[in-house]
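Colleague: Let me see the structure of the following:
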Amino acid sequence: MLKIKNTIKRISILACTVFMTITNISLPVYASNNITTGKQILYSYRGYAVDNPSYTYHGDYIAKAYANGEIAFCVEPNVMLDDKDSYYTQSDYSYPQQRQMEHIAYAGWYMVKNKTDDDYVATQFMIWEAMGMRFSYNSFEGYEAKKAEINKRLLQFEKLPSFDNTSLTLKAGESKTITDQKEVFQYYYHTSHSDGLTVEKNGNSLTITASANTPEKAEVKYQLVKKDCRGTSILYASDTSQNTVVFKVPDPHETKINIKVQKYGNLDIKKLNEDGDEVPNTKFKLSYHADMSDPIGTFTTGDNGIAHATKLNPQKVYVQEVSVPAPYVLDPTIGSITIEPNKTATFTRTNNFKTGNVEIKKLDKQSGKVVKRSGVEFDIFKSDDTLVGTIATNGDGIATMRNLRYGNYYALEKTNPPKYFLSDERI
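Modeller: This is a model prediction of the structure:
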C-alpha cells in the first residue's frame, strides 16, 4: 500500500503474474468515486511472495476499502489505494483462489456480529496469505488468535447440519424439535418454509410445527450464507490504483428438511345393543371440545350400526349420543377418542333396552279379592313362546318379575293354591 502503479509498471506486472490472472472477459467501466477509503488502521507489516521471495510488500497501515458502498478487500498488497483515480473496470473475480478467498471474507468479516477493525485486518491478512503471500513482520499482536477464530468458522463450509436432507413426519398441530449434532446450524439463516409451517430456531436446534393448512409434502430451508452475501465476487481494477474485490459467496450452502404432514384421520362410531346386535338410526354429535361446543357435526348409524366421520383433525374428539330409536335407552354420556392421522379409529357405544316390571295378583273369581297365599307360580313367556322365567306369589298373593326388556309377554299359571282350579288362560 506504499507504491503507485504508474511509477512501477514492471513490478505491477510481476504482481499480477505472482498472484493470479484477474479476468479473461470484457470489463465494464466504473467511475473512481465508487471506490473510497475509510479508517486507516495503524498496523504495520512486511511480507513477500512465496513463489518469488524477491517480490516484497510493506505498509504502515491498513485502510478499509469500499466499492459502491460495500466493504472491499485489497488483492494487491504492493500498491496503494488511490480513491481519486478516475478510471476503474469491473469484472467477475477469477478461480481457483476465488473460493478460498470468498470463504475467508465471509468467515472473517460477514459472519462476525460485532465487527471491529481487528476483524477487518485479520481478514485482509488471511486473503493475502491465500494469494501466496507471507509475512516477515506485522505489528498486529492479536493476528494469530483472530486467524484461529476465522479458521474455526471456515470449517462451517466443510459440513452441513446432521439433519440435512432428512425427512420428518408431523401430525397437524404437532411440534417437533431437531438438533444438529455437528453444531453448525447455529450459523445458518432462514431461507424459506412451506405454507402452514411454523419454524423457530434456537442455536443448533430447530422446532417445526405443522398445521391443518400445511401441505402433506412440505419443506424447510436454511442456508449458511446470508442472502446479501450471495452472488459473484466483483473485482474493481485500475491501471493506477490498487485492485480491490467485493467478495460474495455463490454457493449458499443450503440445508433442507423434508416434512411429511399427516393431516386427517377418520372415525367409525359403532352402535350395538346389549346383545351385540347393530343398532341403526342412532345419532351422535362430535366436537373437539369436552363441553360439546362448536360441534363438528351430527352423524347417524346406518343399517350396519356404523356412522362414518371423515377428515377429522388428529386430536382428541368428544362423542355424545343425541338420539336413539325404540326400544333403547338414550345414553347422553360424553365419551372421547384420539384421532390419529391417516387412520380410522372406532368408537363403540352399547345401549340397554328399555325395561319394565310384571306384577301378577291371584284373585278369587267370586269375591274379586286377592288370594293371599304364597307359592303360587306363574311362567312368563315372550310373545314367541320363549320361556323367560317363573315367578311365585308372596304372602300378599303378589308375584313380581323385574327388569323385563321392552316387548310383548304373557303369563300362564303353573301351580294353583288349594281349593282352586289351575287356570290355562293366558294373562
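
Colleague: Quick check: L168 touching I259?
Modeller: Yes: under the criterion of Cβ atoms under 8 Å, L168 makes contact with I259 at 5.4 Å. (Glycine included, C-beta is placed from N, CA and C.)

Colleague: Mind checking which of the two has more residues around it?
Modeller: Set L168 next to I259 and count neighbours by other Cβ atoms under 10 Å: I259 wins out with 23 against 18.

Colleague: Number of residues surrounding D291?
Modeller: Other residues lying near D291 total 8 when counted by other Cβ under 10 Å.

Colleague: Ok, C229 next?
Modeller: 19.

Colleague: Got the phi and psi for I208?
Modeller: Main-chain torsions, I208, degrees, to the nearest 10: phi -120, psi 130.

Colleague: In three-state terms, label K146 for me.
Modeller: Assigned by DSSP: H, G, I helix; E, B strand; the rest coil, the conformation of K146 is helix.

Colleague: what's the host helix or strand of F284 packed up against?
Modeller: Using DSSP states H and E, F284 sits within strand 283-287. Contact analysis of strand 283-287 by 3 or more Cβ pairs under 8 Å, 6 or more residues apart in numbering; DSSP states H and E lists strand 265-273, strand 297-300, strand 306-312, strand 316-323 as its packing neighbours.

Colleague: any idea which of those strands is most buried?
Modeller: Of all those, strand 265-273 carries the top mean neighbour count, a mean of 20, counting by mean count of other Cβ atoms under 10 Å.

Colleague: between that strand and strand 306-312, how big is the angle?
Modeller: 160 degrees (axes from the mean of the first three to the mean of the last three Cα atoms, to 10 degrees).

Colleague: Just checking: what are the partner strands of the strand holding F284?
Modeller: Its sheet considered, strand 283-287 pairs with strand 297-300 (antiparallel), strand 316-323 (antiparallel) by DSSP bridges.

Colleague: between these, which gets nearest to N202?
Modeller: Nearest to N202, of all the strands paired with strand 283-287, is strand 316-323, at 28.8 Å by Cβ to Cβ.

Colleague: quick one, strands of the stretch 251-400 of the chain?
Modeller: Secondary structure of the stretch 251-400 of the chain (DSSP state E, counting those that start in this stretch): strands located at 254-262, 265-273, 283-287, 297-300, 306-312, 316-323, 335-338, 344-351, 355-361, 377-382, 387-392, 398-405.

Colleague: Including mean pLDDT and distance to S233, could those go into CSV?
Modeller: Formatted as CSV, these follow (pLDDT from 0 to 100; distance: least, Cβ to Cβ, whole Å):
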stretch, mean pLDDT, distance to S233
strand 254-262, 94, 19
strand 265-273, 95, 53
strand 283-287, 98, 61
strand 297-300, 97, 61
strand 306-312, 95, 52
strand 316-323, 97, 56
strand 335-338, 96, 56
strand 344-351, 95, 58
strand 355-361, 90, 89
strand 377-382, 92, 96
strand 387-392, 92, 97
strand 398-405, 90, 89
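
Colleague: Turn the ones you listed into CSV, columns for distance to T36.
Modeller: Below are these laid out as CSV (distance: least, Cβ to Cβ, whole Å):
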stretch, distance to T36
strand 254-262, 33
strand 265-273, 63
strand 283-287, 68
strand 297-300, 69
strand 306-312, 62
strand 316-323, 65
strand 335-338, 66
strand 344-351, 69
strand 355-361, 98
strand 377-382, 106
strand 387-392, 107
strand 398-405, 99
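
Colleague: out of those strands, nearest to A145?
Modeller: A145 sits nearest to strand 254-262 of all the strands of the stretch 251-400 of the chain, at 29.8 Å, using Cβ to Cβ.

Colleague: in that closest one, what's buried?
Modeller: E254, T255, K256, I257, I259, V261, Q262 (16 or more other Cβ atoms under 10 Å).

Colleague: mind checking how far the last one is from L197?
Modeller: Read it as Q262. 14 Å (Cβ to Cβ, to the nearest Å).

Colleague: now swap in the first one and tell me
Modeller: Taken as Cβ to Cβ, the spacing of E254 relative to L197 amounts to 17 Å.

Colleague: do the same with the fifth one
Modeller: According to Cβ to Cβ, I259 stands 7 Å off from L197.

Colleague: where do the contact lists of the two overlap?
Modeller: Common contacts of I259 and L197 (Cβ atoms under 8 Å, 6 or more residues apart in numbering): I208, A210, T214, A218, V220.

Colleague: Number of residues surrounding the nearest residue to the first one once chain neighbours are set aside?
Modeller: Nearest residue to I208, sequence neighbours excluded (Cβ to Cβ, 6 or more residues apart in numbering): V199, at 5.5 Å. Counted with other Cβ under 10 Å, residues neighbouring V199 total 16.

Colleague: can you give me phi and psi for V199?
Modeller: phi -120, psi 140.

Colleague: if we can go back for a sec, what would the shared contacts of I259 and L197 look like in CSV with secondary structure, neighbour count and pLDDT?
Modeller: CSV is the format used below for those (DSSP: H, G, I helix; E, B strand; the rest coil; neighbours: other Cβ atoms under 10 Å; pLDDT from 0 to 100):
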residue, secondary structure, neighbour count, pLDDT
I208, strand, 21, 98
A210, coil, 29, 93
T214, coil, 22, 91
A218, strand, 20, 97
V220, strand, 22, 98
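
Colleague: Can you tell me which of those comes closest to H103?
Modeller: Nearest member of those to H103, counting by Cβ to Cβ, is V220, at 24.8 Å.

Colleague: How about the contacts made by the closest one?
Modeller: S192, H193, S194, L197, V199, L206, I208, K256, I257, I259.

Colleague: what angle do the strand holding F284 and strand 344-351 make?
Modeller: Going by the same axes, to 10 degrees, strand 283-287 makes 130 degrees with strand 344-351.

Colleague: Assign F125 to helix, strand or coil.
Modeller: Secondary structure state of F125, per three-state DSSP, is helix.

Colleague: Number of residues surrounding it?
Modeller: F125 has 25 neighbours, counted by other Cβ under 10 Å.

Colleague: Against K369, how distant is it?
Modeller: According to Cβ to Cβ, F125 stands 125 Å off from K369.

Colleague: The helices and strands packed on strand 283-287 into JSON lines, with extra columns for distance to E102?
Modeller: Formatted as JSON lines, those follow (distance: least, Cβ to Cβ, whole Å):
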{"stretch": "strand 265-273", "distance to E102": "50"}
{"stretch": "strand 297-300", "distance to E102": "60"}
{"stretch": "strand 306-312", "distance to E102": "51"}
{"stretch": "strand 316-323", "distance to E102": "53"}
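
Colleague: and the gap between S383 and R426?
Modeller: Distance of S383 to R426, given as Cβ to Cβ: 10 Å.
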